[in-house]
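1. Give me a 3D structure for the following:
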Amino acid sequence: MVFLKLALKSLKNRAFATILTVISIALSVALLLSVERAKRAAEEGFTQTISKTDLIVGARSGSLQLLLYSVFNMGTATNNVSWESYQDLKKNPAIDWTIPYSLGDSHRGFRVVGTDENFFTHYHYRGNHGVELEEGHGLQGLWDVVIGSDVQRKLNYRLGDKIIISHGVTRGEAILKHDDKPFEVVGVMKQTGTPLDRAVYISLEGMEALHIDWQNGAMPTADKVIPASKIKKEDLKIHAITAFFVGAKSRLDVLKMQRQINEYKDEPLMAIIPGVALSELWGGLSYAENVLRIVSWMVVVVGFMAMLIALTTTLNERRREMAILRAIGARPNQIVGLLVFESAMLTICGIVLGMAVSIGLMEGLKPWLESEFGLYLAGPALTSVEVYFMLVTFIGGTLIGFIPALRAQKLALKDGLSVRL
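-> Numbers count the residues shown, from 1 in each chain. Presented below is the predicted three-dimensional model:
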């Protein structure tokens with residue numbers, strides 16, 4: 001109790017330096033906690049980009065390549081999956097549902113995905129979250145298109161607007177366009193914070209209709225163009241898709257189905273378990289996570305250095321105080337204990353303030369982080385790992401106090417009551 005009273009009075013006498021020291025520690029702690037929570041949200045959002053899907057099937061290539069172009073709309077497929085093979089595999093009694101994906105075109109830098117009604121029924125992300133529409137309806141007509149939330153926000157589309165799909169995957173405006181076959185926006189998806197927001201969705205028949213008059217990827221001449229008005233949905237035959245997602249009736253059958261697909265004899269196919277591939281991909285990105293953590297700890301060390309400087313530079317002002325304490329019977333170890341106790345108090349105040357700043361900042365910025373970066377700050381504000389970091393911070397801040405404390409002990413022994421300031 002005596003230590004507490006002496007420490008509080010001493011810190012109060014040096015209020016300005018005390019406040020600056022606490023702020024420097026608080027900012028360091030706030031940065032460390034914010035980086036950790038953002039990393040946690042990024043990892044969870046990344047690994048939960050797709051859920052409740054047991055297998056992703058595509059042409060034989062690499063597992064990460066298949067994951068990237070089917071889930072993240074990045075890269076291109078080495079080959080397609082024939083419609084016949086898809087229908088044959090779909091008959092497997094262990095399969096509950098499938099979602100076909102047909103890729104290859106784009107719209108003003110956004111990927112175009114050909115799919116069917118199963119996409120809106122069975123695609124899930126972050127656990128049990130399914131695809132929902134903000135407005136409009138799903139894919140009903142041949143020339144219907146549903147757009148992701150990012151597409152709607154950046155291109156400012158409204159229901160009923162006409163859009164032109166470009167041939168091939170481009171980042172901006174394309175040279176080859178299917179401008180004779182416009183699509184009509186009939187639905188806008190709710191924001192998901194996943195790559196779904198950055199895509200345009202049409203029916204498989206719509207994807208087939210786009211290329212009905214294209215031969216070997218070549219644009220048709222004027223005399224061979226088939227007008228959109230003459231193309232009927234029921235007359236179209238789908239030839240191939242890029243990949244498809246599989247939901248199994250039982251998780252016990254997943255590995256067996258994966259082996260059967262990988263050994264499929266009619267054409268070379270590959271099936272991957274998305275959760276395993278996502279973890280593998282995130283593990284490859286862990287170096288960035290470690291760099292962020294190192295930077296955060298360096299900031300914490302800088303905060304400790306600021307506290308050390310503040311405590312050391314005030315020693316000259318406190319030499320008479322230390323000498324008086326020695327004169328009234330304070331032992332050297334008590335002088336050390338007092339300054340270490342002050343250091344611990346400063347550290348605790350900095351940690352508490354830093355935690356409050358981090359939690360308040362994250363909660364305040366939560367809607368913006370979700371809309372702009374897809375970071376969903378779910379879960380507890382502090383995990384056991386972050387509590388461990390705070391414990392390490394407290395121990396480090398307390399130990400830092402020994403440096404000025406030992407110096408003050410020597411000065412007190414030397415000066416006695418004859419100090420002239």
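2. State the distance from the closest residue in space to T47 that isn't next to it in sequence to Y125.
-> Take T47 and drop its neighbours on the chain: the residue closest to it by CB to CB, 6 or more residues apart in numbering is L278, 4.8 Å away. Any C-beta I mention is one placed from the backbone N, CA and C, and that applies to glycine too. With the distance defined as CB to CB, to the nearest Å, L278 ends up 11 Å from Y125.
3. okay, and the common contacts of those two?
-> Shared contacts of L278 and Y125, defined by CB atoms under 8 Å, 6 or more residues apart in numbering, comprise T49, I50.
4. hey, C-alpha coordinates of stretch 80-92 in PDB?
-> Presented in PDB, the C-alpha positions along stretch 80-92 are these (Å, rounded to 0.1, in the frame of the first residue of the first chain):
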ATOM      1  CA  ASN A  80     -12.600 -28.200 -69.500                       C
ATOM      2  CA  VAL A  81     -14.700 -31.000 -68.200                       C
ATOM      3  CA  SER A  82     -17.000 -32.500 -70.800                       C
ATOM      4  CA  TRP A  83     -20.700 -32.300 -70.200                       C
ATOM      5  CA  GLU A  84     -21.000 -36.100 -70.600                       C
ATOM      6  CA  SER A  85     -18.400 -36.800 -67.900                       C
ATOM      7  CA  TYR A  86     -20.100 -34.300 -65.600                       C
ATOM      8  CA  GLN A  87     -23.500 -36.000 -66.100                       C
ATOM      9  CA  ASP A  88     -21.900 -39.400 -65.600                       C
ATOM     10  CA  LEU A  89     -20.200 -38.400 -62.300                       C
ATOM     11  CA  LYS A  90     -23.300 -36.700 -61.100                       C
ATOM     12  CA  LYS A  91     -25.100 -40.000 -61.100                       C
ATOM     13  CA  ASN A  92     -22.900 -41.300 -58.300                       C
END
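5. now the helices for the stretch 101-250 of the chain?
-> Per DSSP state H, counting those that start in this stretch, the stretch 101-250 of the chain carries helices over the ranges 118-122, 149-155, 204-210.
6. helices or strands up against the second one?
-> So the one you mean is helix 149-155. With contacts taken as 3 or more CB pairs under 8 Å, 6 or more residues apart in numbering; DSSP states H and E, helix 149-155 sits against strand 183-189.
7. roughly how far out does the strand it packs on sit from the chain middle?
-> Distance, stretch centre to chain centre, for strand 183-189: 27 Å (CA atoms, centre = their mean, to the nearest Å).
8. if we can go back for a sec, contacting residues around the residue nearest to T47?
-> F46, T47, T49, I50, L67.
9. Quick check: which ranges of this protein have low pLDDT?
-> Applying pLDDT under 70 to the chain flags the ranges 1-11, 13, 169-175, 215-223, 285-286, 314-333, 370-379, 405, 408-421.
10. What residues sit buried inside the strand ranked longest in the chain?
-> The longest strand of the chain (DSSP state E) is strand 95-107. Judged by neighbour count (16 or more other CB atoms under 10 Å), strand 95-107 contains these buried residues: I95, T98, I99, P100, Y101, S102, L103, G104, D105, S106, H107.
11. ditto for stretch 300-308
-> Within stretch 300-308, the residues scored as buried using 16+ other CB under 10 Å are V300, G303, F304, A306, M307, L308.
12. Was I right to think the first one contacts A26?
-> No - V300 is not in contact with A26 according to CB atoms under 8 Å; the separation is 10.9 Å.
13. all strands for this protein, in order.
-> Using DSSP E, strands in the chain cover 55-59, 81-82, 95-107, 110-115, 124-125, 129-130, 133-136, 144-147, 162-163, 183-189, 199-203, 240-241, 243-248, 269-272.
14. Just the closest of the buried residues of strand 95-107 to I272, please.
-> For the buried residues of strand 95-107, the residue nearest I272 by CB to CB is Y101; the value is 13.8 Å.
15. How about the closest one: which residues does it bridge to?
-> Beta-bridge pairing for Y101 (DSSP bridges): A243.
16. Give me the distance between it and A243.
-> Counting by CB to CB, the gap from Y101 to A243 is 5 Å.
17. what sits in contact with each of the two?
-> Taking CB under 8 Å, 6+ apart as the contact rule, the neighbours common to Y101 and A243 are S70.
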